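Colleague: just a sequence and a predicted model for now, questions to come.
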Amino acid sequence: MVDFSTLKVGDALPERSYTATNVSLFCYNAAIWNPHRIHYDERYTTDVEKHPGVVIDGPLQGDWLSQAVTNWIGDAGTLVSFGYSNRKASYLGETLTSGGTITSIDPATGEVGVDIHIRNEQDEVTSPGSAVVRFPV
Amino acid sequence: MAGLLSEDALAWIGRSDPPLSVEVSRRDIVKYSISTEQVLEKYLTGDEAPPMFVAGLSREVVPLDDLGPDGLAQASLVPDLPLKRVMAGGVEFDFHRTVHPGDVLVFERSLSSLTEKQGRTGPLIFVTYTINCRTEAGEPVLEQKQTRILR
């Protein structure tokens, strides 16, 4: 459980790695009702849309970014705001790692700012983001 | 560099899709939570919806005949613009309330701004959509801003 009183600017959030599979991507796109073929039809994806492989959804990486925060705070705080950009595409077979850093702490309001990111195996940030969480004070 | 945005295009600012009403089911939350590899018990049991689950609830659900050869539904609120290449912009959320099974949410999506800017490699058009989500009773749930960059 995160203890607000011990947090410091610069502290790292726990990292977590995700390796999407054909099955996990199918289940995700079925769950959000996204029929775009670049997420399950490899031949179409490479032949027609000219991607090197099946594309890992941008909003799925957005979810993993949000989890970098929600898994860290658990029930100790609430997510107030959150944003990200998908800067570089990622493809089936890649392992992506989420993480983050505390950038601001307001002891008066209990609000904590964090920078969050998804990195690929080349250590490139594919999706940067930021969030604000609030702890009870 | 003025003139990328025609009168016709600018007239799209403020236009909205019809409000979309969605009833949240526990089973849908559970499916989402499994497929996104959630770890918190409240999400895996479906007692509470992960924040990004709510964000995805406003996707189009249309008949098969209305899906294109790429699998996608025709996008709405798209003005005719002279730049065609879409780059990833960003998405921003403000959360006001958690979402639980049985909640009935009402989404309203509008084209909130169209602006042109000079980028390093040429002109850019920023298209911003705003999605407001409230409960049926009018309680704010979330606001989402999505930016598309055309070059």
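Modeller: That came through fine.

Colleague: quick check: phi and psi at residue B:73.
Modeller: phi -70, psi 150 (degrees, to the nearest 10).

Colleague: pull the number of nearby residues for it.
Modeller: Counted with other CB atoms under 10 Å in any protein chain shown, residues neighbouring residue B:73 total 17. Just so you know, the C-beta spots here come from the backbone N, C-alpha and C atoms, and that holds for glycine as well.

Colleague: do the same with residue A:52
Modeller: 11.

Colleague: chain B against chain A: which residues are in contact?
Modeller: B:28, B:31-32, B:34-40, B:42, B:50-52, B:55-56, B:59, B:61, B:67, B:70-72, B:88-95, B:98 (CB under 8 Å from any CB of the partner chain).

Colleague: give me that answer again for 6 Å
Modeller: Counting by CB under 6 Å from any CB of the partner chain, the positions of chain B adjacent to chain A are B:31-32, B:35-36, B:39, B:51-52, B:56, B:59, B:61, B:67, B:70-72, B:88, B:90, B:92-95.

Colleague: just the ones of the residues you listed in helices?
Modeller: Mapping those onto helices (DSSP state H) picks out B:31, B:32, B:35, B:51, B:52, B:56.

Colleague: quick revisit: now list the buried members of the residues of chain B next to chain A.
Modeller: Neighbour counting by 16 or more other CB atoms under 10 Å in any protein chain shown classes B:31-32, B:35-36, B:51-52, B:56, B:59, B:67, B:71-72, B:88, B:90, B:92-95 among the residues of chain B next to chain A as buried.

Colleague: can you tell me the element the spatially most central residue of chain B falls in?
Modeller: By CA atoms, centre = their mean, chain B has its centre lying nearest to residue B:131, at 5.8 Å. Taking DSSP states H and E as the criterion, residue B:131 maps to strand B:122-135.

Colleague: which other helices and strands contact the helix or strand just after that strand?
Modeller: Downstream of strand B:122-135, the next assigned helix or strand under DSSP H and E is strand B:140-150. Contact partners of strand B:140-150 among helices and strands, from 3 or more CB pairs under 6 Å, 6 or more residues apart in numbering or on different chains; DSSP states H and E: strand B:86-95, strand B:122-135.

Colleague: in chain B, where's the longest strand?
Modeller: Longest strand in chain B by number of residues, with DSSP state E as the criterion: strand B:104-119.

Colleague: can you list the helices and strands packed on strand B:140-150 in TSV and add mean pLDDT and distance to residue B:105?
Modeller: Listed next are the helices and strands packed on strand B:140-150 as TSV, based on pLDDT from 0 to 100; distance: least, CB to CB, whole Å:
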stretch	mean pLDDT	distance to residue B:105
strand B:86-95	89	13
strand B:122-135	95	5
